[in-house]
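1. What follows is a predicted protein model with its sequence.
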Amino acid sequence: MAEQNKCAQLMKSSDFKDAVDLYERILSENKDPYQFMLDMQSTLQKQLHAKLDWNPIPEELETCGEILDWCQHNNDAIDDERRELYTALGGMSNGEKAATAVWKTWKADHFNKRETLIDDLSEDDQLEIAYEMIDQLHFVKAQLLALKLDAKTIFTLYYTKNAENLRRYESGY
């Protein structure tokens, strides 16, 4: 977890400005930002495979077993990022040990940490929380690539499943 609370510094990098500019350009060209992100993830996965040949290219996975192994691998990574998110919610600016009290029920400061308002965390801590969610999104997108889902399919499936979940909720499911 030594890398935690360093992601907030990315907001000050030229990459952040480049990202804002690129987003605006993607929209002005009537392109889909989420598809662009999936394509970026695909490029990253191919670069990782070139350096680490044991790390597969998700779109090239063919068997259910290969996809299962890939999903399990990525879910393990998501679990790790989720724990980092929990710690970030404790306010990393106060140090990692103090921050873990938000989820470690045995710590003396546990209840106080749980009552901290998100708006009372430093800007860097709030950004760290967001970046931990983005880390999880990377691994989710890698799984979506393995299932060969594009942005339109993801949107359509999400929309229909969301509508079904609302119907279920309304009917007392």
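-> All right, it came through fine.
2. what about the helices in the protein?
-> 14-28, 33-51, 64-88, 96-99, 110-114, 123-146, 151-170 (DSSP state H).
3. quick one: the third one to chain centroid distance?
-> Shown here is helix 64-88, whose average C-alpha point lies 10 Å from the average C-alpha point of the whole chain (Cα atoms, centre = their mean, to the nearest Å).
4. Which strands or helices does that helix pack on?
-> helix 96-99, helix 123-146 (3 or more Cβ pairs under 8 Å, 6 or more residues apart in numbering; DSSP states H and E). C-beta: built from backbone N, CA, C; applies to glycine.
5. check contacts around the closest residue to Ala151 other than its chain neighbours.
-> Nearest residue to Ala151, sequence neighbours excluded (Cβ to Cβ, 6 or more residues apart in numbering): Gln35, at 3.6 Å. Contact analysis of Gln35 by Cβ atoms under 8 Å, 6 or more residues apart in numbering lists 150-152.
6. try Leu144
-> 38, 154.
7. Renumber starting at 58 from here on
-> Sounds good: first residue 58 from here, last item Leu201.
8. And the contacts of Gln92, which of them are buried?
-> Ala208 (16 or more other Cβ atoms under 10 Å).
9. Please identify which of the helices of the chain is closest to Cys64.
-> Closest to Cys64 of the helices of the chain is helix 180-203 (Cβ to Cβ; 3.6 Å).
10. From the chain's centroid, how far away is the closest one?
-> That offset, for helix 180-203, works out to 2 Å (Cα atoms, centre = their mean).
11. Averaged pLDDT, that helix. What do you get?
-> The average pLDDT within helix 180-203 is 95.
12. returning to what we had before: let me know the closest of the contacts of Gln92 to Trp160.
-> Closest to Trp160, out of all of these and judged by Cβ to Cβ, is Ala208, at 33.4 Å.
13. and the lowest-mean-pLDDT helix or strand in the chain, what other elements does it pack with?
-> For the chain, the helix or strand with the lowest mean confidence is helix 153-156, at a mean of 83 (criterion: mean pLDDT, DSSP states H and E). On a contact count with 3+ Cβ pairs under 8 Å, 6+ apart, helix 153-156 meets helix 121-145.
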